[in-house]
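# Just a sequence and a predicted model for now, questions to come.
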Amino acid sequence: MTKMNCRQAATDLLGMTREALEELLQNLGEPRYRARQLFAWLHRGTSLDMMTSLPKELRRQLAAIARAGTLQLAYQEAAEDGAVKFGFETADGRLIETVLIPHRNRTTVCVSSQIGCAYGCAFCATGRQGFTRDLTTGEIVEQVIRVQTATRPQRVRNVVFMGMGEPLANFDAVVTAIRLLNSPDGLGIGARHIAVSTCGLPNSIQRLAEEKLQVGLAVSLHAATDEVRNQLVPINRKHPLAEVVNAARRFATMTGRKVAFEYVIVPEVNDTPAQARRLAELVRGMAAMVNLIPLNPADSSLRVDVDSAYRFAALLRKRGVEVMVRRSRGGEVLGACGQLRARHIKKASDERSPVRRSNALDSLGSVSDSPDMTEQKCEGGKGP
Ligand code: SAH
Ligand code: SF4
């Protein structure tokens, strides 16, 4: 059996709840309180052989049937502004990315929830890679643990699900991961410091509200009319704007939390005065704010256009909308999650076909006509 097959075959302890660990330990004839010790060691990023408060024999038994994590660091790249992108190889040999975003007194980790993504948004490198599989709870939690280990003594305070993939399409694994990250026996990251970003899956937004987790919700709107959103976010053809905004409105009411609308500025496509007017109407009376993000052009021919974002922000502010322009951090390492990976695996083809087209939308490439619409990336610089 190869090394990778071994990693795949064993149970990943990092994906297990305290209750599941208790059951496992009980089956091994151990007292329940050991589960708490094991959980704490695991979430501190300790390997089984270093868990010194556990009996040696137990550690040996555990090592025979389980693993404490499955990810291997494949690459790490730092940007001048302090953001660091980690590329991890999964047990089945895939690459995922995690971004560490340091702020003055806090650290944010942007995690991936899937390998690739089925939703194919026009400007997103992850979407262009297509969908491979959901990440497991253990793989999600481990990203945070690994970054926390790398950033000590600074504590990870925020986690945003804005990396590769659509978190609400991997609902159960994401929610369990949130509960594990939340646990005071582990990293103890407050739910209010965790944000889930979605391209807009109304049923799953409702389910998330019902989980009563107190996590933040970010909805990737990117356009204020169906006509424009259909072009940028293809899932809009199945769940149009009205449905998505209504779900967000219900989320805000049910949780008492302000919803963030993410809006990547695609110059001359979604930043017109008409879009500003419509966007202001959509969010009127709602506990919401709009985050404008200059498009990270990565592998298109466009340049980062911050001025357009500020112009659009002014239009929204005039209409009473709470709005922020979020500058991309980690831009030098291709800040949008998924894009560094795209560069690592797509370099040859990129070099063969430099893109030079006239219209901004054309430059992004066309969106798929038949995206996977079942309910089943990260701007590196984006924090909650
Ligand atoms: N699938 C989820 C979360 C991952 S994407 C979602 O779509 O919300 C996280 C954010 O990064 C989304 O708002 C997405 O639109 C944005 N994003 C993707 N590609 C980008 C790019 N090239 N430039 C700026 N933001 C981008
Ligand atoms: Fe998927 Fe989000 Fe990228 Fe859209 S923006 S393709 S939903 S990861």
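Structure's in. What do you need? Ligands and ions are numbered 1, 2, ... in the order given.

# How about the residues of the chain by ligand 2?
Cys117, Tyr119, Gly120, Cys121, Cys124, Thr126, Gly127, Gly165, Glu166, Cys199, Ser220, Lys377 (CB under 6 Å from any ligand atom). No exception for glycine: its C-beta is placed from N, CA and C like everyone else's.

# Give me the below-cutoff pLDDT ranges for the stretch 1-150 of the chain.
Low-confidence segments of the stretch 1-150 of the chain (pLDDT under 70): 1-9.

# make it 80
Within the stretch 1-150 of the chain, the stretches with pLDDT under 80 are 1-10.

# Check it for the residue nearest ligand 2 and tell me.
Nearest to ligand 2 in the stretch 1-150 of the chain, going by CB to the nearest ligand atom, is Gly127, at a distance of 2.6 Å.

# and Thr108, what are its bridge partners?
Thr108 forms beta bridges with Ile101, Asn158, as assigned by DSSP bridges.

# can you check Gln72 too?
Glu89.

# sorry, back to before: of the residues of the chain next to ligand 2, just say which sits nearest to Lys318.
For those, the residue nearest Lys318 by CB to CB is Ser220; the value is 23.8 Å.

# Verify the stated contact: that closest one with Ile235.
No: between Ser220 and Ile235 no contact is recorded; they are 9.8 Å apart, counting by CB atoms under 8 Å.

# which neighbours do those two share?
Common neighbours of Ser220 and Ile235 (criterion: CB atoms under 8 Å, 6 or more residues apart in numbering): Cys199, Gly200.

# burial of Leu168, as a residue count?
Residues near Leu168, counting by other CB atoms under 10 Å, number 25.

# and the stretch 51-200 of the chain, which residues reach ligand 1?
Neighbours of ligand 1 within the stretch 51-200 of the chain, by CB under 6 Å from any ligand atom: Cys121, Phe123, Cys124, Met162, Glu166, Ser197, Thr198, Cys199.

# Okay, and the second one sits in which element?
Just to be clear, that refers to Phe123. Here Phe123 sits in a region with no helix or strand, counting by DSSP states H and E.

# and it, how many neighbours?
27.

# you'd agree it is up against Pro234?
No: counting by CB under 8 Å, Phe123 sits too far from Pro234 to count as a contact (12.0 Å).

# before we move on, the earlier item: okay if I get the residues of the chain next to ligand 2 as a markdown table plus secondary structure and neighbour count?
As requested, these are exported to a markdown table (DSSP: H, G, I helix; E, B strand; the rest coil; neighbours: other CB atoms under 10 Å):
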| residue | secondary structure | neighbour count |
| --- | --- | --- |
| Cys117 | coil | 27 |
| Tyr119 | coil | 28 |
| Gly120 | coil | 24 |
| Cys121 | coil | 25 |
| Cys124 | coil | 29 |
| Thr126 | helix | 29 |
| Gly127 | helix | 27 |
| Gly165 | coil | 32 |
| Glu166 | coil | 32 |
| Cys199 | coil | 26 |
| Ser220 | strand | 26 |
| Lys377 | coil | 31 |
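
# Which stretches in the stretch 51-200 of the chain count as strands?
Assigned by DSSP state E, counting those that start in this stretch, the stretch 51-200 of the chain shows strands spanning 66-67, 72-78, 84-89, 95-102, 107-110, 114-116, 131-134, 156-161, 194-198.

# how much space between Thr132 and ligand 1?
Taking CB to the nearest ligand atom, to the nearest Å as the measure, Thr132 falls 15 Å from ligand 1.

# so what's that residue up against?
By CB under 8 Å, 6+ apart, Thr132 lies in contact with Arg94, Gln114, Ile115, Gly116.

# repeat for Thr52
Thr52 neighbours (CB under 8 Å, 6+ apart): none.
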